[in-house]
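# task: produce atomic coordinates for the following.
(one chain, ligands or ions: 1)
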Amino acid sequence: MAANDREQMMNYDEAQAIEAQNMLAVYTKIRQPMVMVRGEGAYVWDSEGNRYLDLVSGGRAVTALGHCPGAVVQAIREQAGRLLHMSNDFYTEPQMELARLLAELCVCKRAFFCNSGAEANEAAIKLARKHARINYGADKIEIVTMLGSFHGRTMATLAATGQPKYHADFEPLVPGFKHVEFNNIAALAGAVNERTCAVMLEPVLGESGVYPASAEFMAACREECDRRGALLVLDEVQTGLGRTGKLFAYEHYGVRPDVITLAKALGSGMPIGAMLATDEAARAFAPGDHASSFGGGALAAAAALAGVRAIIAGGVVENARQVGAHLLEGLRRLAAKHRLITEVRGLGMMAAADLAQPVAAEVRAACLRRKVLIQAVGASMLRLIPALILTEKQADAGLAVLDEALGEAASA
Ligand code: PLP
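Numbering: from 1, shown residues only. Modelled structure (predicted):
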C-alpha cells in the first residue's frame, strides 16, 4: 500500500468517533483498535499498513477460504456485472446451481436460502413446528436445545440459545424452548416428550468454546427424535463446510439429521445462509409458508457456488483436518509449557484453550501487538478458528506468538 493511499484511509480514532456519534453501541466493547482495509489468504491489513495473521477467519469463522479467495472474487465480479438481484419471484441460475450442488453433498436435499445463520435457524424452527402440526397436531411445539448453545440473536433463535446471559432484558422470550445439559443423555431423555417437535444442537458447541458432542449423545438425539416423531436439527452454521475436518460435522457421527443449517463459510464473506431439509421434513412447508426478499440472491449465491466448489475441489477439507491437528498439537505443547493453560480442545480448524486466570483479553492484546488475531471467549478462554487454508508454517508462526503472549500475560 502506498503512503499516500494510507493518508486517505480512515484511522482508528476517526472510526471510533463516528461509532460514538452515529452507531448503536452494540459492538463498542469487542472492537479491536484498528480499521481493516484489505485481506488476502490468511492475512489482513489495517489502514496504517500493518499486516496481521488472521487465526479467527475474519473474527467469526466466516472467511473459511481465507480472505478474498480468487475464485469467489471472480464469480462476484462476473455476477455483479450481469445481475445483482431479482427476488424469489423469479429463477436465477446461481441459486439453482447452488441448491443442486448442496444436494449432491448433503443428506438433506432441499434448500431454503436466507442471509444469515440466525435466519437459517429461524427457518428450521418454523419448519419443525409446521412439520409437527401437520403430522401430529397443534400441541407438539417444544424444541429441545442445549445449555451453552448459540443459535442467533433474533427472538426465536435467542430463545433457542441456551445461555441466560443473552436472554436478560429481552423477555418475554418466544415460548416452547427447553434447554438441557450438553452431552447428558439422561437430561435429554427427561426433556424430550410427546410435545417435542425438534431437538436442535450444534455438533460442536462453537461460540461457548469448542465442545464436541459425544458420539453417544448424538446417537441418543437421533433415537429420541425417532421415538417421538421430532426432527433432528443440526446447527452447522459454524461447523459446516469443512471447519471440523469433514465437509459436514454430522459425518463424524454417522447420524442422519433431518435439517441442517448453514451460513458463515457458505458465502466466503458474502451474507448467505441456508436451511437444508430432507424430502420428508421439507414437505411440511407449503408455498407461502416462508420467504426472504434477499435470500439466495444472485450475487450471494454466485459467491457461495464458487466458494463451495473451491472447498470441495482443492483438498481444503483435508488441509483443515491436517493443519487443525497440527495446531492442536502445538496448543498441547504450549499447555505443557505454560501453567496458565488448563485444558485444550479442538476438532479440525476449531480450537480452544482454557486459562487458569481471567487474562484472555490480555493474551489476545499481546498477540495483537505481535500482529496475530486470536479470540478471547469470556475472561478465561482463548479460541482459534483459522481459515481452512492455513498452512502449517502459518500455524507455527501463530503458535510462536501465542507462546510469547502467554509468557507475557503470566508474568504481568
Ligand atoms: N449458529 C451458530 C452455531 C453460530 O455460531 C452463529 C454465529 O456465531 C449463529 C448461529 C448465528 O449466525 P449469524 O450471526 O449469521 O446470525
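# might you report the residue contacts of the single nearest residue of the chain relative to the ligand?
The nearest approach of the chain to the ligand comes at G117, 2.3 Å away (C-beta to the nearest ligand atom). Any C-beta I mention is one placed from the backbone N, CA and C, and that applies to glycine too. For G117, the contact set (C-beta atoms under 8 Å, 6 or more residues apart in numbering) comprises H151, G152, D235, V237, Q238, T261, L262, A263, K264, G273.
# just give the nearest non-adjacent residue to the fifth one, would you?
Distances taken as C-beta to C-beta, 6 or more residues apart in numbering place G206 nearest to Q238, at 3.9 Å, with adjacent residues excluded.
# and for the second one?
In space, not counting the residues next to it along the chain, G152 is nearest to A118; the distance is 2.7 Å by C-beta to C-beta, 6+ apart.
# how many residues are close by that neighbour?
Using other C-beta atoms under 10 Å, A118 has 24 other residues around it.
# quick check: domain ranges of the protein?
The chain breaks down by automatic domain parsing into domains covering 3-61+316-411, 70-313.
# the residue nearest to Q238 touches T244, doesn't it?
No - G206 lies out of contact with T244 (C-beta atoms under 8 Å); the separation is 9.9 Å.
# who touches both of the two?
Residues within reach of G206 and of T244 at once, by C-beta under 8 Å, 6+ apart, are M350.
# pLDDT on stretch 284-291, on average?
The average pLDDT within stretch 284-291 is 98.
# scratch that, stretch 337-357 is what I was asking about
Here stretch 337-357 scores 98 as its mean pLDDT.
# with stretch 304-318 instead?
In the prediction, stretch 304-318 has an average pLDDT of 96.
# residues of it that come out buried?
Of the residues in stretch 304-318, those buried under the neighbour-count criterion (16 or more other C-beta atoms under 10 Å) are A304, L305, A306, G307, V308, R309, A310, I311, I312, V316, V317.
# need the contact list for the third one.
Counting by C-beta under 8 Å, 6+ apart, A306 makes contact with A71, V72, Q74, A75, I76, S268.
# does the fifth one really touch A302, like I thought?
Yes - using C-beta under 8 Å, I76 and A302 qualify as a contacting pair, with a distance of 6.5 Å.
# in strands, which of the contacts of G117 appear?
D235, T261, L262, G273 (DSSP state E).
# bridged to the first one, which residues?
Beta-bridge pairing of D235 under DSSP bridges involves T261.
# how far does stretch 211-227 sit from its chain's centre?
Put simply, stretch 211-227 sits 21 Å off its chain's centre (C-alpha atoms, centre = their mean, to the nearest Å).
# also stretch 220-231?
Distance of stretch 220-231 from the chain centroid (C-alpha atoms, centre = their mean) equals 25 Å.
# report the buried residues of it.
Per 16+ other C-beta under 10 Å, stretch 220-231 contains these buried residues: A220, C221, R222, E223, E224, C225, R228, A230, L231.
# can you check which helix is longest in the protein?
In the chain, taking DSSP state H as the definition, the longest helix is helix 316-337.
# which bits of the chain sit near the ligand?
With C-beta under 6 Å from any ligand atom as the criterion, the chain meets the ligand at residues 60, 116-118, 121, 150-152, 202, 206-207, 235, 237-238, 263.
# ok, of these, which come out buried?
Here, 16+ other C-beta under 10 Å leaves 116-118, 121, 150-152, 202, 206-207, 235, 237-238, 263 buried among the residues of the chain next to the ligand.
# tell me which of those is nearest to A99?
Using C-beta to C-beta, A263 is the member of these that sits closest to A99, with 15.6 Å.
# quick check: that closest one touching A274?
Yes - using C-beta under 8 Å, A263 is in contact with A274, at 7.4 Å.
# now the common contact residues for these two.
By C-beta under 8 Å, 6+ apart, the residues touching both A263 and A274 are A120.
# list the contacts of the residue nearest the centre of the chain.
Nearest to the geometric centre of the chain sits Q238, at 2.4 Å (C-alpha atoms, centre = their mean). By C-beta under 8 Å, 6+ apart, the residues touching Q238 are A61, G117, E202, V204, G206, E207, K264, M350, I385.
# how near is the second one to R60?
From G117 over to R60 the distance is 9 Å, taken as C-beta to C-beta, to the nearest Å.
# list the residues that contact both of those two?
Counting by C-beta under 8 Å, 6+ apart, the common neighbours of G117 and R60 are K264.
# can you give me the helices for the stretch 301-412 of the chain?
Applying DSSP state H, counting those that start in this stretch to the stretch 301-412 of the chain gives helices spanning 316-337, 360-369, 392-411.
# what do you get for the chain?
With DSSP H as the criterion, the chain has helices at 3-8, 12-22, 70-82, 93-105, 117-136, 155-160, 164-167, 185-191, 215-228, 279-282, 298-313, 316-337, 360-369, 392-411.
# TSV for those, including distance to T145?
Below are the helices of the chain laid out as TSV (distance: least, C-beta to C-beta, whole Å):
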stretch	distance to T145
helix 3-8	47
helix 12-22	33
helix 70-82	32
helix 93-105	24
helix 117-136	10
helix 155-160	5
helix 164-167	12
helix 185-191	10
helix 215-228	11
helix 279-282	17
helix 298-313	26
helix 316-337	26
helix 360-369	26
helix 392-411	33
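# and these, which one's lowest on average pLDDT?
Among the helices of the chain, helix 3-8 scores lowest, at a mean of 62.
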